[in-house]
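Undergrad: Let me see the structure of the following:
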Amino acid sequence: MEITKDWELYEAGIEYNQQVYGADRNYYEVLDTNIAFASGDQWRGVQADGLPKPVFNIIKRVKQFKIASLKADNISIQLTPMEYRPQSEDITMQHKVKQADLANAEIKNILENINFDAKSRTLLSDGFDTGDWCMHFYFDMDEQPYKSYMPSVKGVIKAEIIDSTNVMFGNPNTRQVDKQPYIIIVGRNLVKNLQEEAKKNKSSQIDRIKGDSETDYQMGDNGKVENSADGYEKALYIIKYYKKNGKIYANKSTKNAYIYKEKDTKLSYYPIAFNNWEEVKGTYHGRAETTGIIPNQIAINKMFAMVIYHLMLTAFPTAVYDADRIEGWTNEIGAQIPVTNLQGDSIHNIAGYLEPATMSGQIMNAIELAMQYTKETLGVGDASLGNVTMNNATAIIAIQKSAAVPLENVKAALYEFVEDSGKIIVDMMASYYGPRPVVVQGPNNERTVEMFDFGQLKDMWMHIKTDIGNASYFSEVASIQTLDNLLNNGMIEFVEYLRRIPDEIIPQKQELINSIEQNDIYKQAIYNLMGQFMDTLPPEVRAQLLQLNPEQMEQRVLEMMGALDNGTQGMAQISDMENPLPTPEDLAGTLQQGEPGFMEMMQPQTEVGRDSVKKMQDLEEIGGLQS
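TA: Prediction:
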């Protein structure tokens, strides 16, 4: 049966890949070995010669650390008009900003729906082991994103991770996606699914779609193993994207049949985001970090294996005895060993143990140095791994920044990848969405729905950038310490502190904020009443009250107001109270008006949460107090 033209391009891509590492190393075998070593299978292809096979997986430790460091920042995509001017009040500019805001809200929703954060970790793992990471975006018309709310709107943007062995560039000497004459995406799917898709696209070659065993060039050992049950056969498919008249077209085929051909995607960019862990000049494939660690990993494992083997041979001493006097020897616990013809000789003269040979300490020193230098050359030292004591946020941040230096190039590649993904998402929204609702989240996490015609994005001159925000434990520690200092120095209120502290630090944080604010409203009402009451007092009484410190003043006024509530005449009871107002002589030592510190004590304070010692100072403003 005749093969398709696109299949010939796929075979040409395989031939190129097999030459990437030269004639002595096969590209596909190198990647399979990298994946196996990273997962702990580190004795494949290694001559053991009867040695034990211990595994001290340095690769995994370095890999986890680097991926966690790269993901220590929150990454988002931000869309702004290219001619945006922050202070502009032009109506046209404000309209464009509004459009960009709605597009940003939908981009955020899409990234959440495709689980971009989790996918990016998998992509970085692929990059560490294979040198490349790739994501393929597509539009699924079978989905109804708004369900019964708006059933007429169909289609959602989705994304899938593509193995580096399953993406092939038409110009393999550059990794620039937009410069490719064509890009091939390879995958495997159930035959019945491919036949159903061909039927939807009215293909005339449905009967030529058959199951196959084309798994030799799938990545990893598990990628070559499939379910062999009847009715669940798989076939390898190829999607070929290519440019024609400034637009992106696509073919999808198997080895012998086209599922669809020359389909206009309506896109301006290839729906493929691609980048390298470490760029290699002259090829679109990058260099995997695992490849460079494997020789060291083998050496470390082998040295440990020889140490263990030496201990197995020499850890237990060998017994020697006089066979003429001892009939047989046993190491059984508590067993008796008969001895004849002892004739007064010491037992040490007829039986004993040979001292085992001592292993040189150089082997352990060599192992430690090999592990230390391997980690240090990879930019993963003790400080980076947290094996040092850090007592303050400044030291933590310094360690974090120094540890990030070896990853700056990889981080730049990741940011470029995210921006490329944003460009693709905007292109797909403009091409496929049309008018549809957008869920917008406000500053207080409230959600609103607005209609927007995404087709307007096609004609907009937009700038797409990656926004970076710290999300690591280190940045959280520094933020909390900064908030603590601001609160302790009286520069922020307690409610402001609560609003900014992470939710997981204080359980039911919002309920606590609401309680404090409600309590403040109640206190403010009391102060208003106290101010009105103070206005009714004679000037000499007010003068005496103002001589008290705020706590005494608040207590005395409340007592006087309580006397009025009981139906008695407050002013008549002032002279009869058990603790009458203190005289000026009694107030010796307290602050007098005009003395240093008096105005600071009496300064009005209306913010929520200020210390209660200063609460009564509000009365001067609220009630119009005058001495």
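Undergrad: Let me know the secondary structure of Thr265.
TA: Of the three states, Thr265 takes strand under DSSP: H, G, I helix; E, B strand; the rest coil.
Undergrad: residues in contact with Glu279?
TA: Counting by CB atoms under 8 Å, 6 or more residues apart in numbering, Glu279 makes contact with 175, 286-287, 413. No exception for glycine: its C-beta is placed from N, CA and C like everyone else's.
Undergrad: Let me see the ranges of the strands in the stretch 351-500 of the chain.
TA: Along the stretch 351-500 of the chain, counting by DSSP state E, counting those that start in this stretch, strands occupy 351-354, 435-441, 447-453, 462-470.
Undergrad: Which one of those strands lies nearest to Ser120?
TA: Ser120 sits nearest to strand 462-470 of all the strands of the stretch 351-500 of the chain, at 11.7 Å, using CB to CB.
Undergrad: Quick one: mean pLDDT over the closest one.
TA: Strand 462-470 shows an average pLDDT of 74 in the prediction.
Undergrad: likewise stretch 50-70?
TA: Across stretch 50-70, the average pLDDT comes to 91.
Undergrad: Just the helices from the stretch 201-350 of the chain, written as ranges.
TA: Assignment of helices within the stretch 201-350 of the chain using DSSP state H, counting those that start in this stretch yields the ranges 289-314.
Undergrad: and Val320, how far is that from Asn341?
TA: Distance from Val320 to Asn341, counting by CB to CB, to the nearest Å: 17 Å.
Undergrad: And for Met364?
TA: Distance, Met364 to Asn341, by CB to CB: 46 Å.
Undergrad: So Gly223 sits against Asp163, correct?
TA: Yes: look at Gly223 against Asp163 with CB atoms under 8 Å: they come within range, at 7.5 Å.
Undergrad: thinking again about what came up before, now the contacts of Glu279 in a markdown table, with neighbour count and distance to Leu111?
TA: Listed next are the contacts of Glu279 as a markdown table, based on neighbours: other CB atoms under 10 Å; distance: CB to CB, whole Å:
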| residue | neighbour count | distance to Leu111 |
| --- | --- | --- |
| Arg175 | 20 | 24 |
| Gly286 | 22 | 24 |
| Arg287 | 17 | 29 |
| Ala413 | 21 | 19 |
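Undergrad: In strands, which of the residues you listed appear?
TA: Judged by DSSP state E, strands contain none of the contacts of Glu279.
Undergrad: For Thr340, which non-adjacent residue is closest in space?
TA: Leaving aside its chain neighbours, Thr340 sits nearest to Arg325 (5.4 Å; criterion: CB to CB, 6 or more residues apart in numbering).
Undergrad: circling back: ok, Met364 and Asn341, which is more surrounded?
TA: Met364 (13 against 10; other CB atoms under 10 Å).
Undergrad: Run a quick neighbour tally on the nearest residue to the more buried one once chain neighbours are set aside.
TA: Leaving aside its chain neighbours, Met364 sits nearest to Val307 (7.2 Å; criterion: CB to CB, 6+ apart). Under the neighbour criterion other CB under 10 Å, Val307 is assigned a count of 16.
Undergrad: Could you check how far Ala105 is from Asp117?
TA: Note on Ala105: its distance to Asp117, by CB to CB, is 17 Å.
Undergrad: Where does the prediction get shaky in the protein?
TA: Residues of the chain that meet the criterion pLDDT under 70 lie in 83-89, 381-404, 442-445, 468-478, 503-504, 563-627.
Undergrad: Disregarding residues adjacent in the polypeptide, which is nearest to the residue most central in space within it?
TA: Nearest residue to the geometric centre of the chain (CA atoms, centre = their mean): Lys71, 4.3 Å. Distances taken as CB to CB, 6+ apart place Arg121 nearest to Lys71, at 6.0 Å, with adjacent residues excluded.
Undergrad: Am I right that that neighbour sits in a helix?
TA: Yes: looking at Arg121 with three-state DSSP, it is inside a helix.
Undergrad: and it, how far is that from Ile67?
TA: 6 Å.
Undergrad: So between those two, which is more surrounded?
TA: Ile67 (20 against 13).
Undergrad: show me what contacts that one?
TA: 121, 124-125, 128.
Undergrad: which ones among those are found in helices?
TA: Among the contacts of Ile67, the members falling in helices (DSSP state H) are 121, 124-125, 128.
Undergrad: After the helix or strand in which Glu8 is found, which helix or strand is next? Please name it.
TA: With elements taken from DSSP states H and E, the one containing Glu8 is helix 5-17. The C-terminal neighbour of helix 5-17 among helices and strands, as given by DSSP H and E, is helix 27-38.
Undergrad: Touching that following helix from outside, list them.
TA: With CB under 8 Å, 6+ apart as the test, helix 27-38 has contacts from 17-21, 42, 44-45, 59-60, 63, 128-130, 164-165, 216-217, 219-221, 285, 288, 290-291, 293-294, 297.
Undergrad: quick one: stretch 425-439 to chain centroid distance?
TA: How far stretch 425-439 lies from its chain's middle: 27 Å, per CA atoms, centre = their mean, to the nearest Å.
Undergrad: how long is it end to end?
TA: 17 Å (CA to CA, to the nearest Å).
Undergrad: quick one: buried residues of that stretch?
TA: Within stretch 425-439, the residues that count as buried by 16 or more other CB atoms under 10 Å are 425-433, 436-438.
Undergrad: Quick one: mark the members of these that sit in helices.
TA: Per DSSP H, the buried residues of stretch 425-439 map to helices at 425-428.
Undergrad: what's around Asp24, how many residues?
TA: For Asp24, the tally of surrounding residues (other CB under 10 Å) stands at 5.
Undergrad: just Lys66 next, same as before
TA: Lys66, neighbours per other CB under 10 Å, totals 24.
Undergrad: Is Tyr232 in contact with Leu190, as I believe?
TA: Yes: the pair Tyr232 and Leu190 passes the contact test of CB under 8 Å, sitting 6.2 Å apart.
Undergrad: For the two, indicate the residue with more neighbours.
TA: Taking neighbours as other CB under 10 Å, Tyr232 and Leu190 compare with Leu190 leading, 15 against 12.
Undergrad: which ones are touching that one?
TA: Leu190 is in contact with 232-234, counting by CB under 8 Å, 6+ apart.
Undergrad: If it is in a bridge, with which residues?
TA: Lys234 (DSSP bridges).
Undergrad: From His348, how far out is Arg325?
TA: For Arg325 relative to His348 (CB to CB), the value is 13 Å.
Undergrad: who's in contact with Gln180?
TA: For Gln180, the contact set (CB under 8 Å, 6+ apart) comprises 169-171, 270.
Undergrad: Most widely separated two among the residues you listed?
TA: The widest separation within the contacts of Gln180 (CB to CB) is 12.4 Å, between Asn171 and Tyr270.
Undergrad: More neighbours: which of the two?
TA: Neighbour count, other CB under 10 Å: between Asn171 and Tyr270, Tyr270 has more, with 24 against 13.
Undergrad: got the buried residues for stretch 149-157?
TA: 153-157.
Undergrad: now those residues as JSON lines including secondary structure and distance to Asn113?
TA: Output for the buried residues of stretch 149-157, formatted as JSON lines (DSSP: H, G, I helix; E, B strand; the rest coil; distance: CB to CB, whole Å):
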{"residue": "Val153", "secondary structure": "coil", "distance to Asn113": "14"}
{"residue": "Lys154", "secondary structure": "coil", "distance to Asn113": "15"}
{"residue": "Gly155", "secondary structure": "coil", "distance to Asn113": "12"}
{"residue": "Val156", "secondary structure": "strand", "distance to Asn113": "7"}
{"residue": "Ile157", "secondary structure": "strand", "distance to Asn113": "8"}
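Undergrad: Only whichever of the contacts of Ile67 are buried, select them in PyMOL.
TA: The following PyMOL line selects those of the contacts of Ile67 that are buried, judged by 16+ other CB under 10 Å:
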select buried, resi 124+125+128
